[in-house]
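Trainee: Below are the sequence and a predicted model; questions follow.
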Amino acid sequence: MGRFSAMTVTIVLALAPFLANAAAAAEDYVGRVNLIVDASTVRITYKGGQIRVKLAGAEGAEPDRAREVLSERLLGREVRVERATWQDGYLVGHVYVDGRDVATELLGDGPADP
């Protein structure tokens with residue numbers, strides 16, 4: 001019986017990082033954009049801290065134009081990051097401002113590729 005308990009503990013410990021990521025992915029993040037890092041990354045203030053957010057669904061094809069569009073539409077504004085996951089120290093998710101997906105708007109304006 002003691003061996004079964006140790007095995008159960010081992011399995012739970014092995015699954016803990018995956019369960020933590022699943023819980024984090026379910027959370028929406030609402031924060032104010034305070035920096036445009038590059039053509040597909042912004043930094044937001046969230047719960048008193050700073051989070052780098054990569055826009056899911058768009059990578060900058062024309063970096064200068066994409067940065068300009070992001071600056072005009074997002075800098076100083078409150079955004080919602082949905083369906084977010086953590087990857088390499090970044091939060092990657094769909095970024096919305098005024099209910100509109102920013103990546104979709106970038107694609108419509110032409111400065112980014114999916």
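Mentor: Yes, it's here. Residues are numbered from 1 along each chain as shown.

Trainee: In what element of secondary structure is residue 92 found?
Mentor: If you go by DSSP states H and E, residue 92 is part of strand 90-97.

Trainee: no no, residue 36
Mentor: Using DSSP H and E, residue 36 sits in strand 29-38.

Trainee: rewinding a little: same question for the strand holding residue 92, mean pLDDT?
Mentor: On average, the pLDDT along strand 90-97 is 94.

Trainee: just stretch 40-57 next, same as before
Mentor: Stretch 40-57 comes out at a mean pLDDT of 94.

Trainee: Endpoint to endpoint, that stretch covers what distance?
Mentor: Taking Cα to Cα, to the nearest Å, the first and last residues of stretch 40-57 lie 9 Å apart.

Trainee: Low-confidence stretches in the protein?
Mentor: 1-26, 60-61, 109-114 (pLDDT under 70).

Trainee: all strands of it, in order?
Mentor: 29-38, 41-46, 49-55, 59-60, 78-87, 90-97, 100-101, 112-113 (DSSP state E).

Trainee: Buried residues, the third one. List them.
Mentor: Within strand 49-55, the residues that qualify as buried are 51-55, counting by 16 or more other Cβ atoms under 10 Å. For the C-beta atoms, the positions are set from N, CA and C on the backbone; glycine is no exception.
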